[in-house]
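Student: Build me a model:
(one chain, ligands or ions: 1)
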Amino acid sequence: MTAPLLLDRVTLTYPDGDGRLTALDEVSLTVPPGTLTACVGPSGSGKSSLLAVAATLIAPDRGRVVLAGAETGELSAAERAALRRSRVGIVFQQPNLLPSLTAAEQLQVMAHLAGRGPGAARARALDLLDAVGLADRADRRPHQLSGGQRQRVNIARALMNSPSVLLVDEPTSALDHGRGAAVLDLLVRLTRERGTATVLVTHDVAHLSRVDHVVEMADGRLGVGRVVS
Ligand SMILES: Nc1ncnc2c1ncn2[C@@H]1O[C@H](COP(=O)(O)OP(=O)(O)OP(=O)(O)O)[C@@H](O)[C@H]1O
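Tutor: Prediction:
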């Protein structure tokens, strides 16, 4: 069976003056279901570009991105967007929650955008908030939640449509050490429970001993990383 996420010799360049800057240089990565791969590396090494390509938000110059068995290079833009909505969960660094909605409603919006009915959505939202330890905060708005709780809502929201691939960008950067460790533990647990192929981009090499794989980006190239914690 094909892994939910497969990158095969992906090269991505950006315009840079008269030339091109190579952000990803022949990057290959396979992420099996139920496993979490952490991608570490210095600023500018290509980590965010890797996530953007994996999410099909940017098309690579060369190479293949296979998502949930689909060769994304062969899809139309509309087909790619539909695949992204149904199969990919994205957790950005800043939660970007809507200020006027409760925690449960933030999640229900995702089901609505995916064309699902409201009845089951409420039950699923409450189930996911329970899974991230926020069962008693379902009716709170973002300003009534702590930074760590908002990041948990963000993670639960990304899981709302049962994605096979979960892409997470710097989830702990705005949190202190203890809360950062708790969010990482949560991501490892959810990855196992929900069977997602998870990629986590982080500067923070603490707490990585519990993830399945660590890869290191350097100048757009991917190598096997060291576990530091
Ligand atoms: N839209 C863009 N146009 C031109 N160059 C870009 C663009 N986005 C990123 N780059 C360049 O591509 C390289 C990789 O950037 P990327 O954001 O992927 O790195 P990163 O490892 O995520 O960095 P950080 O940890 O600081 O977020 C850098 O040299 C960056 O300046």
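Student: what's the single longest helix in this structure?
Tutor: helix 177-194 (DSSP state H).
Student: residues in contact with that one?
Tutor: With CB atoms under 8 Å, 6 or more residues apart in numbering as the test, helix 177-194 has contacts from 34-36, 131-133, 147-148, 151-152, 155, 159, 162, 166, 168, 171-172, 175, 196, 198, 200, 204, 206-208, 210-211. (Each C-beta comes from the backbone N, C-alpha and C, glycine too.)
Student: okay, the angle between whichever strand or helix holds residue 123 and helix 177-194?
Tutor: Assigned by DSSP states H and E, residue 123 belongs to helix 118-131. Compare the direction of helix 118-131 with that of helix 177-194 by axes from the mean of the first three to the mean of the last three CA atoms, to 10 degrees and you get 130 degrees.
Student: Show the average pLDDT along the helix or strand that helix 118-131 is followed by.
Tutor: Next along the chain after helix 118-131, taking DSSP H and E as the criterion, comes helix 147-158. On average, the pLDDT along helix 147-158 is 93.
Student: what does the protein put close to the ligand?
Tutor: Counting by CB under 6 Å from any ligand atom, the residues of the chain close to the ligand are 14, 21, 23, 41, 43-49, 203, 217.
Student: mind running it again at 5 Å?
Tutor: 14, 23, 43, 44, 45, 46, 47, 48, 49 (CB under 5 Å from any ligand atom).
Student: Narrow those to just the buried residues.
Tutor: 23, 45, 46, 47, 48, 49 (16 or more other CB atoms under 10 Å).
Student: could you redo those as a markdown table and give each row secondary structure, distance to residue 70 and pLDDT?
Tutor: Below are these laid out as a markdown table (DSSP: H, G, I helix; E, B strand; the rest coil; distance: CB to CB, whole Å; pLDDT from 0 to 100):
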| residue | secondary structure | distance to residue 70 | pLDDT |
| --- | --- | --- | --- |
| 23 | strand | 23 | 97 |
| 45 | coil | 28 | 94 |
| 46 | coil | 24 | 95 |
| 47 | helix | 24 | 94 |
| 48 | helix | 23 | 93 |
| 49 | helix | 21 | 96 |
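Student: Pick out whichever of the residues you listed sits closest to residue 106.
Tutor: Distance to residue 106, by CB to CB, is smallest for residue 48 among those, at 23.3 Å.
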